[in-house]
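S.K.: no FASTA, just this:
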């Protein structure tokens, strides 16, 4: 029995030294995995928000998207821009909703534009598009939205150079 206890005492110092050498690497891998997962989650939230905003804007009236000639990067009329920015940022048309991301304090990184595309003779447009020569296609873009790290609150990480970007387009249905 004494020989077993003596062997355990001799190995305990080696195990502690090995643990001291391996622990920093394990911590970096673990917290790095958390941070990477959080970044991908935030990127997914922004991509979903942009799709929601484009779908919302595409269902606005045709009067907000006048198309009498080809054009790109045009600004929609009425309250389409502010309403779409609100839907994209908070998921609600009305103001005062909580943002989808904690760092999304304003709508300055959200742009809402539309393009007028031609209905060329090769395509057979029917229904709401049959009488139109040019079709509006709305585009919602989030660019350079700052990424907020998981560990910013405790002072471990300041990754201000990472940004979240997404873009979505939808044909205006004018419903």
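M.R.: Great, that's in hand. Since this is a predicted model, take the numbers as computed values, not measurements.
S.K.: burial count for the closest residue to residue 162 other than its chain neighbours?
M.R.: With sequence-adjacent residues excluded and distances taken as CB to CB, 6 or more residues apart in numbering, residue 162 is closest to residue 147, at 4.0 Å. Using the backbone N, CA and C atoms, a C-beta is placed for each residue, glycine as well. When neighbours are counted by other CB atoms under 10 Å, residue 147 registers 19.
S.K.: just the one 3 residues further on next, same as before
M.R.: Applying other CB under 10 Å, we find 17 other residues in the vicinity of residue 150.
S.K.: From residue 46, how far off is it?
M.R.: Taking CB to CB, to the nearest Å as the measure, residue 150 and residue 46 are separated by 16 Å.
S.K.: If you count contacts, what does the particular helix or strand that has residue 72 in it end up packed against?
M.R.: With elements delineated by DSSP states H and E, residue 72 resides in strand 71-74, which encompasses its position. In terms of contact count using 3 or more CB pairs under 8 Å, 6 or more residues apart in numbering; DSSP states H and E, strand 71-74 is assigned the packing partners strand 110-118.
S.K.: Now the strand it packs on: average pLDDT?
M.R.: Taken as a whole, strand 110-118 has a mean pLDDT of 92.
S.K.: what do you get for stretch 149-158?
M.R.: This predicted structure assigns stretch 149-158 an average pLDDT of 69.
S.K.: Stretch 65-80 too?
M.R.: When pLDDT is averaged over stretch 65-80, the result is 91.
S.K.: Lovely, talk soon.
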